[in-house]
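Student: Fold the following for me, if possible:
(2 chains)
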Amino acid sequence: MSVRTRIAPSPTGEYHVGGLRTLLFDYALAKKNNGQLIIRIEDTDQGRLVPGAVERLLDVIEEYGISWDEGPRVGGPHAPYVQSERLDLYKKYAKELVEKGQAYYCFCTEERLNKLREEQRSKGMPTTKYDKHCFGLSKEEISQNLSQNKSYVIRLNVPKDRIIEVDDLVLGKLTFPSNDLDDQILLKSDGFPTYQLAVVVDDHLMEITHVIRGFEWLPSTPKHVLLYEAFGWKIPNHAHVPLLKEAGSTKKLSKRMGSVAAADFLKEGYLPEAVLNFLMFLGWNPGTEKEIYNLKEFVDDFSIDRIQKTDLVTFDRQKLLWYNGYYIRAYSAEDLTTKIIDYHKKYYPDALFINWTDPLYTQQVVRLLQERLKLLSEFQLLSSYFYSKPEIDKKLLIEFSGSVERSSEILNSFLTCYDGIEKSGWELPAIDNLSHELIKEKGFKPKEAFMTLRVALTGQTTTPPVFDIAALLGKDIVIDRIKDSLNEL
RNA sequence: GGCCCCAUCGUCUAACGGUUAGGACGCCGGGUUUUCAUCCCGGCAAUCGGGGUUCGAUCCCCCGUGGGGUCACCA
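Tutor: Predicted structure coming up:
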């Protein structure tokens, strides 16, 4: 039997990076074994649905370059892949369990339940549990209630005194006492299944072989095991993966510390492959020193038993940034230019600072800025003086020479020198050589001369090499900016 | 609180029971350099504590401590 994995997102908000990490593991396991990855939308909580969330989460997954074999948009033999379209199935299976005596109707009102919990708490019971009140109902009482259209739910009849074994691919064999389990509701009064029922029914019907999910699901796994047993179904493999936390804290990812939605990282200027590479290593490693992985290499090297047992893994945003810089540097200037232009078109269509009409010029700019970029979004700020005249701060103009007079002398010297260069000869080696000859001849210190020139041309003190900038800007602009700076003095 | 899980540098982690406990990010220092960045070289830095088992424990067992998850008609 082939390996079939799935992700089962709820459309209750933006797709979370944690979900993307799990998706990566699901994807790798399926692909490595020539299996299938299924996407199933778990929208059984009608109250928390967010309009448009399904489309957005599918879009994001596509933007990260991950494809799935069955699910929304692609269909498949087990369609529909949206739980709200499978309601009849869950009802049918819930009633099957009732007939088998593994589940039962419950007509208790919310008031009674609240009162029950209060009583149990006041008695000092460590956990509150349903008292199986409706389990004792006679057939007559049940059918009478049903015919009166009384609101009901269906509950799982959890057996007493059982030790439930869960065999986890990451954690190994685990045991849970059934006495700690509540008679979980399977079918809600609105006719929708709870997660517990729907996940088991669907995973079975969709022939899922491996359930990979966060540690947070561990405590509900024995309930699922009970359900599989009640149905007489084969239990799929389970693998619970470490949760993600914020650096310097034991708390889960927080918006205050940065993005948490998968889509937001893209908007911030992260490359999909960088985010993916970073995510792969959150709880997994190949056991070698290789740590640059594309999706294909990841699939090749992935192994579920190299997933970390640790319960919490730090989402180290600094390392993510490093990965992003690494991938930015790895691109050719041409490809990176395309990335940067596409990025701004998508997220900042009004970004007029980029000279769209001359992509070749932008490519030259990218070449100079590439190794200084950690995010695509930084291009705007770092490249400003290539596209428009910078504001020149007089203080900066004299900071490196020490005086107005000295700066004037330096800039006037460059002005005369550059004015004498033929436009056709305005190229990096010529500018570089003549400039060095000039400072030697005039007795300027390299730093004072070049830094003053840098400020005059860019308005900044940290830029790529100043002669590269001068060559790219062109003679006219360089002359202009030197003159303007002289006027500032 | 009950139940369950987890525990190596600050972080992600490696180490068939025997290693000077390795790598990466970050940090610090040096080199290249007109600034920044890149790149190269170097450095700091860890086995939670206590008991066992063993010739020998990061590794196996127990207890403690710490952290986390979960206890809904949410997933």
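
Student: Please count neighbours and contacts with C-alpha atoms only from this point.
Tutor: OK.

Student: Quick check, A:Trp233 in contact with A:Asp203.
Tutor: No - counting by C-alpha atoms under 8 Å, A:Trp233 stays clear of A:Asp203, with 10.5 Å between them.

Student: Who has more neighbours out of these two?
Tutor: With neighbours defined as other C-alpha atoms under 10 Å, A:Trp233 and A:Asp203 compare such that A:Asp203 has more, 20 against 14.

Student: Could you list which residues are in contact with A:Val366?
Tutor: Contacts here follow C-alpha atoms under 8 Å, 6 or more residues apart in numbering; on that basis A:Val366 touches A:333, A:336-337.

Student: Now with 10 Å, please.
Tutor: A:332-337, A:340, A:360, A:372-373, A:379, A:383 (C-alpha atoms under 10 Å, 6 or more residues apart in numbering).

Student: tell me which residues of the strand or helix carrying it are tucked away?
Tutor: Here A:Val366, judged by DSSP states H and E, is contained in helix A:359-369. Within helix A:359-369, the residues scored as buried using 16 or more other C-alpha atoms under 10 Å are A:361-369.

Student: cool, and stretch A:369-377?
Tutor: Here stretch A:369-377 shows A:369-370, A:372-377 as buried, counting by 16+ other C-alpha under 10 Å.

Student: what does the stretch 351-489 of chain A put close to RNA strand B?
Tutor: With the criterion set to C-alpha under 7 Å from any atom of the strand, the stretch 351-489 of chain A comes near RNA strand B through A:371-373, A:432, A:446-447, A:450-451, A:454, A:461-467.

Student: Point out the ones among the residues you listed that are inside helices.
Tutor: A:432, A:446-447, A:450-451, A:454, A:466-467 (DSSP state H).

Student: Kindly reformat those residues as CSV containing distance to A:Leu113 and neighbour count.
Tutor: Formatted as CSV, these follow (distance: C-alpha to C-alpha, whole Å; neighbours: other C-alpha atoms under 10 Å):
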residue, distance to A:Leu113, neighbour count
A:Asp432, 83, 16
A:Pro446, 82, 13
A:Lys447, 78, 11
A:Phe450, 78, 23
A:Met451, 76, 22
A:Arg454, 74, 24
A:Val466, 75, 19
A:Phe467, 77, 20
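
Student: is it possible to export those to CSV including pLDDT?
Tutor: Below are these laid out as CSV (pLDDT from 0 to 100):
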residue, pLDDT
A:Asp432, 94
A:Pro446, 92
A:Lys447, 92
A:Phe450, 96
A:Met451, 96
A:Arg454, 97
A:Val466, 96
A:Phe467, 97
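
Student: For those, please prepare CSV with the additional fields distance to A:Leu57.
Tutor: As requested, these are exported to CSV (distance: C-alpha to C-alpha, whole Å):
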residue, distance to A:Leu57
A:Asp432, 52
A:Pro446, 55
A:Lys447, 52
A:Phe450, 51
A:Met451, 49
A:Arg454, 46
A:Val466, 45
A:Phe467, 46
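
Student: for the residues you listed, which one is nearest A:Phe281?
Tutor: Nearest to A:Phe281 among these: A:Val466, at 39.1 Å, using C-alpha to C-alpha.

Student: what's the distance between that closest one and A:Leu428?
Tutor: Noted for A:Val466: a distance of 10 Å to A:Leu428, by C-alpha to C-alpha, to the nearest Å.

Student: what number of residues lie near the residue nearest to A:Val82 when sequence neighbours are not counted?
Tutor: Closest residue to A:Val82 apart from its sequence neighbours, by C-alpha to C-alpha, 6 or more residues apart in numbering: A:Ile41 at 4.7 Å. By other C-alpha under 10 Å, the residues close to A:Ile41 number 20.

Student: Could you pull up the residues touching A:Ile41?
Tutor: A:7-11, A:54, A:71-72, A:80-85.

Student: can you pull the pLDDT of it?
Tutor: At A:Ile41, the pLDDT value in this model is 97.

Student: now do A:Phe353
Tutor: For A:Phe353, the predicted pLDDT is 57.

Student: The residue of chain A most remote from its centre and RNA strand B, how far apart?
Tutor: Within chain A, the residue lying farthest from the chain centre (C-alpha atoms, centre = their mean) is A:Glu441, at 56.6 Å. Separation of A:Glu441 from RNA strand B (C-alpha to the nearest atom of the strand, to the nearest Å): 15 Å.
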